[in-house]
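K.L.:
output the structure for:
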Amino acid sequence: MSGMETAASCYEKGVGKRRMYEIRAEDCCELTIPALFPEIGFNYAQQLEGPYNSVGARGINHLASKLVLSLVPPNSPFFRLVIDDKAARQLDQDAELKITVHEALAAIERRVSREIEIRALRPALTYAIKLLIATGNALIHLPDEGGLRVFSLKNYVVERDPMGNICEIVIKETISKYALPKDAKSMLGLDVEIEDESREPGKDTYDLYTYVEKEEDGKYHVHQEIEGAIVPESIGEYEPDLLPFLALRWTAISGEHYGRGLVEEMLGDLASLEALTKAIVIGSAASARVVGLVNPAGYTKASDLNKAENGAFVVGNAVDVSFLQVQKGGDFRVALEAVASITRRVEASFLLNASVQRQAERVTAEEIRLLASELEAALGGVYATLSQELQLPLVRRMMAQLTNGQQIVAIPKALKSAIRPAIITGTEALGRMSDLERLRVWAGIVQTTLGPEAIPKFVNPEVLARTAAMALGLDIKGLVKTREQMDTEEQQAQAAGNAAMFAKSAAGPATGGVMDMMKMAMEQQQQQAAPPPGMTPGQPPQE
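P.N.:
Model prediction:
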C-alpha cells in the first residue's frame, strides 16, 4: 500500500479481481446451501429460495463434519512435537534428560489440544470447512483472546505471490457503533454509554477495515482503519509463522489468488440433478392432480356429481365419467434413473456412506471398507493443503498464545530450531493406514495360501512388529526389544542350555563308573567266597 492509499481503496481495488470467484461461489451455493453465500444485494429480511433436492447440502454437512473430526480429532492431539536427528542423538546420551524432555513436550501437546476444546473452536472450524467446500475460500482470524472468527469471500480480498504466500489481506466489516472498539469510538468522538439525546444523531454502522501487509523483512504489518484514519491501538507486527489471519483454500491453483471449491468441480452434476428433480417434482404434482371429466352428451350431470356426498346415489352412466391422466410414467422412469445415477456420483464425491455400498442382496463389510478407504485417499491433496495452511499455523499460534499467558512452559531458544510441530492426521494418517492395510492383506494372503504355519516360518517377527507399529504411529522405543537385547537373551539362553547339557553329560559317566566299580567289587567278593575246584561248598580246605 502506497502512502496515499487507504485500506478502503485497496479493498475496492481487489473487489474487481474477486468478482469472478464471487459469481462462481453464488452458483455453487445456490445448488447446495444458499445461506452460505447469498447473492450480492441480499437482505437478511428476505427469504432465500432453496433447491429442489438436498443431496448437495447433505454432502457438504457430512464432508465438513468428517474433515473436522479428521483434522482436529477430539480428546487426542492432532500434532506431535518432534526433535531433529542431531538433538535426538544428543538426548540419547542422557536417559533421564531424554525422558524429561519427552514428558515436557507431551504435556505441551495435551495442553494445546485441551485449549482447542476449551475455546470451542470446532463449530467455527466446521463453518470454515463448509465455506471451503462450497466456495473454495475462507478466512480465519484467531485473536489473542476469545474464539475463532470466520470470514467468507464477500468480506475480504487477498493478494498472493507466485508461490502462493500471502502478500496482502484487506478485511471489511460493517459494525454497529455500539460494537466498535473503545479506541475507535474515542477516535470518532462516540461515547455510546453517556450519549446525549439532544445530540445530532450520526451513523449507526461504520466500515472497519483490517489491513495486513507483508514487509520486506518478511514480517507482517497489521492495522485497522475507520473513516480513513488508522486506529492507533490496532497497529501490530507478526512473524510469518504467528500471523493470526489464515487465508484458506480448498484447491490451490497456480497463478490465482483464490482457491476453487469441491462443489465447483461437480457443478455440472448438481445443475443436472436440480433440473431433473425440479421437472420430476412439478410433473409428479401434475400427475397427482385429480380432475374428473363428464361426457356433455351423456346422462350424467357434472353438477349432480359435485353436490353428491360420499355414498350417495346419482342418476347417470359410468361410461360418461373419466379422469384426466398425464400418462407420462415412462418418461418419469427415465428421469428417475438419471437422477439415481447422478445422485450416486455426487454422494461418492462427498464421501457419503450411501455411495459406498453397492445395490445388492449381499455386500461384505470388507468391500465397504475398501471402497471407503479409496474415497478417503482421494482427499489426500486436500489434507496436504489444509495441514500447511490451517493445522500448522493453528498449532503455532495456539502455542504462542499459551506461552505468552504462561500456561505452558516456554521452549528454550536454543531448542526452538530443533523442535517443530508435525501433523499426525490427514495425509500422514492416510499413508500409515494404507501401509497397515497392505500389510494386513499380504499376511492374510500368505496365511490363506500357505497355511497358518507359514507366518512364523517365513516372516521375521521383529520386522513385522516394527512395521505395524510405524503404520499405527506408535513409539516403539522401550516397547519392542532391540536386536542387541534379543541377541543377548539368546546367548544367555544358549549358555544356560549348554551348562545343563554339560552337567547332565558329566553326571552320566560318573554314575556309570560307580556302578561298574560296585559290580566289579561284588563279583570279586563272589569269586573269593566261591570254593576252589574239586571242593564242595562248606567243605574246609585241605592242609
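K.L.:
show me where the stretch 51-200 of the chain dips below the pLDDT cut-off.
P.N.:
95, 191-200 (pLDDT under 70).
K.L.:
can you give me the helices in it?
P.N.:
55-71, 85-91, 95-118, 122-135, 182-188 (DSSP state H, counting those that start in this stretch).
K.L.:
just name the most buried of those helices.
P.N.:
Mean neighbour count, computed with mean count of other CB atoms under 10 Å, is highest for helix 122-135 among the helices of the stretch 51-200 of the chain, reaching a mean of 22. Bear in mind the C-beta positions are built from the backbone N, C-alpha and C, glycine included.
K.L.:
next one: phi and psi at Val222?
P.N.:
As for Val222, its main-chain torsions (degrees, to the nearest 10) stand at phi -130, psi 130.
K.L.:
for the one 3 residues further on, same thing?
P.N.:
Summarising the backbone geometry of Glu225 under the convention degrees, to the nearest 10, its torsions are phi -130, psi 140.
K.L.:
isn't it right up against Glu5?
P.N.:
No. Contact criterion CB atoms under 8 Å: Glu225 and Glu5 do not qualify, at 10.7 Å.
K.L.:
those two - which one has more neighbours?
P.N.:
Glu225 (21 against 11; other CB atoms under 10 Å).
K.L.:
what's across from the more buried one in the sheet?
P.N.:
Tyr209, Ile230 (DSSP bridges).
K.L.:
pLDDT at it, what is it?
P.N.:
Per-residue pLDDT puts Glu225 at 91.
K.L.:
the helices of the stretch 51-200 of the chain: which one's closest to Arg396?
P.N.:
Arg396 sits nearest to helix 95-118 of all these, at 10.0 Å, using CB to CB.
K.L.:
okay, the angle between the closest one and helix 122-135?
P.N.:
70 degrees (axes from the mean of the first three to the mean of the last three CA atoms, to 10 degrees).
K.L.:
so what touches helix 95-118?
P.N.:
Helix 95-118 has contacts (CB atoms under 8 Å, 6 or more residues apart in numbering) with 72, 74-81, 83, 91-92, 122, 395, 398-399, 402, 407-409, 411, 419.
K.L.:
re earlier: joint contacts of Glu225 and Glu5?
P.N.:
By CB under 8 Å, 6+ apart, Glu225 and Glu5 have no common neighbours.
K.L.:
can I get the helices of the stretch 51-200 of the chain in a markdown table with distance to Glu389?
P.N.:
Listed next are the helices of the stretch 51-200 of the chain as a markdown table, based on distance: least, CB to CB, whole Å:
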| stretch | distance to Glu389 |
| --- | --- |
| helix 55-71 | 11 |
| helix 85-91 | 27 |
| helix 95-118 | 17 |
| helix 122-135 | 10 |
| helix 182-188 | 30 |
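K.L.:
what's the closest of those helices to Val346?
P.N.:
Among the helices of the stretch 51-200 of the chain, the nearest to Val346 by CB to CB is helix 55-71 (5.3 Å).
K.L.:
what packs against the closest one?
P.N.:
Contact partners of helix 55-71 among helices and strands, from 3 or more CB pairs under 8 Å, 6 or more residues apart in numbering; DSSP states H and E: helix 122-135, helix 262-265, helix 267-288, helix 329-349, helix 380-386.
K.L.:
repeat that with 6 Å
P.N.:
Packing partners of helix 55-71 (3 or more CB pairs under 6 Å, 6 or more residues apart in numbering; DSSP states H and E): helix 122-135.
K.L.:
returning to what we had before: so among the contacts of helix 95-118, which ones count as buried?
P.N.:
Among these, those buried by neighbour count (16 or more other CB atoms under 10 Å) are 72, 77-81, 83, 91, 122, 395, 398-399, 402, 408, 411, 419.
K.L.:
and the two most separated of those residues?
P.N.:
The span of these, defined through CB to CB, is set by Leu91 and Arg122 at 34.9 Å.
K.L.:
the residue lying closest to Ala120 once chain neighbours are set aside: neighbour count?
P.N.:
In this structure, Ala120 finds its nearest non-sequential neighbour in Gly147, 6.1 Å apart by CB to CB, 6 or more residues apart in numbering. Here the number of neighbours of Gly147 (other CB under 10 Å) works out to 13.
K.L.:
sort out which of the buried ones among the contacts of helix 95-118 are in strands and list them.
P.N.:
Secondary structure defined by DSSP state E assigns Phe79, Arg80, Leu81, Ile83, Ile419 of the buried ones among the contacts of helix 95-118 to strands.
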